[in-house]
Every structure is written in structure tokens, then in C-alpha cells.
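S.K.: Got a sequence here, can you build the structure:
(one chain, ligands or ions: 1)
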Amino acid sequence: MLTSSDMLTPDEKRAFDENGFHVMRQALTSEELSSYQEAMKKLFLVPRDHPYAERLMTCDIPEDRRDMMNPHAIWNGFDLPLFDDRFYDLIFHERIALTMDALIGPDINFFETCFVTKPPFFPGTYRDWHQDSAYFDPQTNDRNCAVIIYLDDMDESSGATRVVPGSHTQGTLPHRIPDEGMSSKHLEVENKRGYDTAGITFDFKAGDAMFFLARILHKAGENSSNSSRTGIIYNYTRRDNLDLGEKNRSIANAIPVVRNGQIYRPNK
Ligand SMILES: O=C(O)CCC(=O)C(=O)O
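M.R.: Below you'll find the model as predicted:
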């Protein structure tokens, strides 16, 4: 049986501690990838009067520039298990969860489900440089980490995530709501253009994953292609990472995911 000690080489762990991120190629099998792509296709078609539709945010891309698969130009959403059980199962994906345990564990709990889609004509300033910890702090320590699971290919001009290596060592920097008209209006780091040259990105293939600490500066890249590009983003915490502020808990928050190097299974 696979355990978290099988997931990383010592060099990969050292590089993660230093850089704050880790890229895992082919995290999903092709069958898993098709299944999650299918679940996301359904989610894009959730009617706008669905009781939970407020969890799915749209952006102002003109109708004639949208792709048919994503007719409402949905770009972000939370609490994915409300829409499809497969999004709950994904929390316990063996290779992904055990890799997360190897990176930030031992013993991880779940924190939050979300996705970010870059529809066609999504600007590179829409979801600009920020640290997720600006939302999560104060917590008892920095062991909160996201994994983006890419459901579509993404490169520099088709939405690939950018990260600033080593930026987690600076703690959480001051953030503000951006001024641009065409923007997510979500928190962004102050003096954001100062991070452009330090940012790096990768050529991601559908099924790849990138893990990054909540204190890593990152942003969503522009999408100049004509199809929507989606990453499912799940955050996990080490078991001893506790919220110190009043938080709105999301679906599946704080449930055990890995114990003693293996996926947690109730009553086993
Ligand atoms: O989807 C991406 O590439 C980055 C997502 C992101 O920045 C976020 O919303 O935290």
C-alpha cells in the first residue's frame, strides 16, 4: 500500500521547503481527468437561479467572446462538493493527498475547495499577485498549502499560474482591493507590479498538479486562447494548524485526510 513516504525524494522535499512550491506531472490518470472534466462541464451549465449559484462567480467577458462550454463566463467557485460528489472524492485522491502529507505533514486535514477558470480573453491582471494566507491568517502556523489540479493544458498565454519562488519566507504581506475596472476585486498584494520579474511559470498539461504554500505569491495568467482553462484548487492544513480568527467554514473544512502516512478511512 502506498504511503506518504513513497511520494517525494529528499531533493524534492528540500526544494519545496526552499521554494514553497512543487510540480507533480500526471497527478491524475486519463480516466480521472475525463471524469473531472465532465463534472466541471456540468458545473458550467448550472442555471443562474440554482440555490447555490452564488458560489459560482462570473466575469464581464462580452457574450460574443465566450466559449460555448462556459456560456456564463464563470471564473471562480467554492464548495464544489455541493455540485457533484466527485469533487468530494477528489479530496482523498491517494497520490495527491499523500504528496500533500509528505510536503506539509505529518497528518493533514482538509481546508477548502475551489476552482479558478480562465475564460477566453481573461486578462492577466484579473486575479493578480496575492497570497492565500491574506485570507486565512491568523493561523497557528504556516502549514496551509494549495494544490491546483489542471483540467486543461495551460501555458504562458493560456492561463498558467505564476509563482514567486521563496516568497513564503516573507510572511503575509499587506494586501488591498484592486482599482482596475476589469478585475476580480479580490485581495491583491500592495505594489503588485514589483513581482512581475520574479514570477515564474510552467507549461502545464491537463492532469498535472502544482502544490504551493498559502504564503506563496501567485497569480492567474492571462488566457488569449479561445477556450476556458480550469484548475481545481484544494487547500489542506497540517493537523496542528488552527484558525485563530472567526472563519466562515467551507464544506469539508477540518476533516481528517491523512493519518500515519495513509488516507484516513473512518472506522478502520
Ligand atoms: O488559477 C490560478 O492559476 C491561480 C488561482 C489563484 O490565484 C487564486 O485564486 O488563489
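S.K.: what's stretch 129-144 in contact with?
M.R.: Stretch 129-144 has contacts (Cβ atoms under 8 Å, 6 or more residues apart in numbering) with 104, 111, 146, 164, 167-168, 172-173, 175, 186-189, 192, 195, 199, 213-219, 235-238, 240-245, 247. Heads up, the C-betas are built off the backbone N, CA and C, glycines and all.
S.K.: If we use 7 Å, what do you get?
M.R.: 104, 111, 146, 168, 172-173, 175, 187-189, 192, 195, 213-217, 219, 235, 237-238, 240-245 (Cβ atoms under 7 Å, 6 or more residues apart in numbering).
S.K.: What parts of the chain come near the ligand?
M.R.: Proximity of the chain to the ligand (Cβ under 6 Å from any ligand atom) is limited to residues Val116, Arg127, Asp132, Ile148, Thr161, His218, Lys219, Ala220, Gly231.
S.K.: Buried ones only from those, please, as a PyMOL command.
M.R.: A single PyMOL command selects the buried members of those (16 or more other Cβ atoms under 10 Å):
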select buried, resi 116+127+132+148+161+218+219+220+231
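S.K.: quick one: which of the residues of the chain next to the ligand is nearest Met24?
M.R.: Ile148 (10.4 Å; Cβ to Cβ).
S.K.: doesn't Glu190 make contact with Arg176?
M.R.: Yes. Using Cβ atoms under 7 Å as the test, Arg176 is close enough to Glu190 to be in contact (5.8 Å).
S.K.: So those two - more neighbours on which side?
M.R.: Each of Arg176 and Glu190 has its neighbours counted (other Cβ atoms under 10 Å); Arg176 has more, 13 against 10.
S.K.: Just the buried residues of the contacts of stretch 129-144.
M.R.: By neighbour count, with 16+ other Cβ under 10 Å, the contacts of stretch 129-144 hold 104, 111, 146, 168, 172-173, 175, 187-189, 192, 195, 213-217, 219, 235, 237-238, 241, 243 as buried.
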